[in-house]
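Undergrad: how would this look folded up:
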Amino acid sequence: MSDTGTAVPRADEHHRLRRSLGFRDLVVYGLLFIAPMAPVGVFGTLDARSHGAVALVYVVATVAMAFTAFSYAQMVRVVPQAGSVFAYARVALGKEAGFVAGWMAMLDYLLIPAVAYLFSGIAMEALVPQVSRWVWTALAVVVTTLLNLWGVRVAARVGFLVLAMEIVVLLVFVVAAIVVLARGGAERGWLSPLSGDGSQGAFALSAVVGAVSIAVLSYLGFDAIASFAEEVTGGSQKVARAVLFCLALAGVLFVAQTYLVALLQPVSSAELAADPARQGSAFYDAVDVSVGTWLHDLVAVSKAIGAAFAALAGQAAAGRLLFAMGRAGRLPRALSRTDAGVPRVALLCAAVVTLVAAVWAARRDDGMDHLVSVVDIGALTAFTLLHASVLAWFALRRRGGPVSWWRHVLVPVLGAAITLAVIVEASGAAQVVGAVWLAVGLVVLVVRRGRAGPAEEG
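TA: Now for the predicted structure:
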């Protein structure tokens, strides 16, 4: 039973997950998926768009994503099941809405790991150019898939070591940056990361809001924590706390590193805006010039390894989503089979799809652009249905006791408004892919309607 009396689907030992995760394990999975230094790749773009107020962008983005995190914390107490938003929407909005939420989240969970694997392959090719990036990409998929197949607890332990390495590298960067700033001063004004560097005119709130629509993508992955609700010891309250803690910690890390690198940045935001080719390497360039090549290389290696394990967390979440949809009869029932509490069939299916997408992209010069342009739509659509689930369950159906107008109405309404605004700001290609994926999902829903039979839980 859940904290509010909603039953977890009963299953035999071949369709049941094993409870073995603690609070630390949940935070590890969440931070691995997000990546502690996620802003590295988008720093230049955000700096240019926000007129230099890049740290403020992450402050606002953290607050914006807090609405989604809070809605997850509300619903995981009601439906502490694998599949997260699929299960929430299914209970609160109906089986069809649940399928749509799960189907759209699947696009995110399958493609974000592909992006991370490709990033790892590109980084490794730069270090060992004799080996093609697609080989490194495929190798990363194989290694992390084997860890996931071994079991969620083993993967969490290895992931903790990788996460610790990433945190250490981030701390080295912070200390080195502070030393450089103490000795030589800042290249920009000390408050410029929060107020803009002035090179593109006066502070513009619209510029910050426009950059936030990109920055929120750095947080995609914290929601994966909710996918492990059936594998946690100690109840759903622990999952809710982990979701909120992970987002808050990521926000602090993102604001701190972007604030420091903005102070070290010798190039103005106007110059970056005028030369888009420099935006992708802006973080590395600032570190290289101000601190030294050694830190540049250290950050690059950390990102290469960290990306592969971010994909590990994403693949694990994708496996749980496929497992939950298979158990509910919305996808083939075979996906819900477990072996010693591990959903190996679902994990292998997720791994195959991700491998194909990642290797395909690795063999194309524009592969990264194609993947990155579409990964956000699925998650943002699922987030919107998550907020609708909170509103429906607590405020409309009044199933959660007395209605709290700020928790059950204001938060989900504002959260949905934010996610819808980001969808509107997404690229045309992403919107088209999202629409096509949704259309395919609706066809699958129609074809499978009525076939679930006894597999359909509740």
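Undergrad: only C-alpha atoms for contact and neighbour calcs from this point on.
TA: Fine.
Undergrad: Low-confidence ranges, this structure, go.
TA: Counting by pLDDT under 70, the low-confidence segments of the chain come to 1-16, 366, 368-370, 372-373, 450-458.
Undergrad: and the longest helix for it?
TA: In the chain, ranked by residue count with DSSP state H as the criterion, the top helix is helix 293-327.
Undergrad: Quick check: what element follows that helix along the chain?
TA: Per DSSP states H and E, the first helix or strand lying C-terminal to helix 293-327 is helix 344-362.
Undergrad: for that next one, packing partners?
TA: Where contact means 3 or more CA pairs under 8 Å, 6 or more residues apart in numbering; DSSP states H and E, helix 344-362 is packed against helix 95-127, helix 133-150, helix 293-327, helix 367-372.
Undergrad: Can you add mean neighbour count and distance to Glu231 and give those helices back as JSON lines?
TA: Written out in JSON lines, the entries for the helices and strands packed on helix 344-362 read as follows (neighbours: other CA atoms under 10 Å; distance: least, CA to CA, whole Å):
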{"stretch": "helix 95-127", "mean neighbour count": "25", "distance to Glu231": "19"}
{"stretch": "helix 133-150", "mean neighbour count": "20", "distance to Glu231": "14"}
{"stretch": "helix 293-327", "mean neighbour count": "25", "distance to Glu231": "10"}
{"stretch": "helix 367-372", "mean neighbour count": "16", "distance to Glu231": "30"}
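Undergrad: export those to TSV and tack on distance to Gly378?
TA: Written out in TSV, the entries for the helices and strands packed on helix 344-362 read as follows (distance: least, CA to CA, whole Å):
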stretch	distance to Gly378
helix 95-127	4
helix 133-150	22
helix 293-327	13
helix 367-372	12
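Undergrad: returning to that earlier point: chain center to the longest helix of the chain, what's the gap?
TA: The chain centre lies 10 Å from the centre of helix 293-327; the measure is CA atoms, centre = their mean, to the nearest Å.
Undergrad: Tally up the residues packed near Gly185, please.
TA: Using other CA atoms under 10 Å as the criterion, Gly185 is surrounded by 14 other residues.
Undergrad: gap between it and Leu263?
TA: Gly185 sits 9 Å away from Leu263 when distances are taken as CA to CA, to the nearest Å.
Undergrad: Surely Ala53 touches Gly198?
TA: No. Because the distance of 9.5 Å does not satisfy CA atoms under 8 Å, Ala53 is recorded as not touching Gly198.
Undergrad: who has more neighbours, those two?
TA: Shown here are Ala53 and Gly198; by other CA under 10 Å, Ala53 has more neighbours (30 against 18).
Undergrad: The more buried one: what's it in contact with?
TA: Neighbouring residues of Ala53 by CA atoms under 8 Å, 6 or more residues apart in numbering: 47, 192-197, 208.
Undergrad: Could you give me the PyMOL selection string for whichever of these are buried?
TA: With 16 or more other CA atoms under 10 Å as the criterion, this PyMOL line picks the buried residues out of these:
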select buried, resi 47+192+193+194+195+196+197+208
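Undergrad: from the contacts of Ala53, which is closest to Arg133?
TA: For Arg133, the nearest member of the contacts of Ala53 is Asp47. The distance, counting by CA to CA, is 29.1 Å.
Undergrad: What residues does the closest one make contact with?
TA: Contact analysis of Asp47 by CA under 8 Å, 6+ apart lists 53-54, 262, 269, 272.
Undergrad: In strands only, show me the residues you listed.
TA: For the contacts of Asp47, membership in strands holds for none, with DSSP state E as the criterion.
Undergrad: Output those in a markdown table, with distance to Val446 appended to each entry.
TA: Conversion of the contacts of Asp47 to a markdown table gives the following (distance: CA to CA, whole Å):
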| residue | distance to Val446 |
| --- | --- |
| Ala53 | 48 |
| Val54 | 45 |
| Ala262 | 51 |
| Ser269 | 50 |
| Leu272 | 49 |
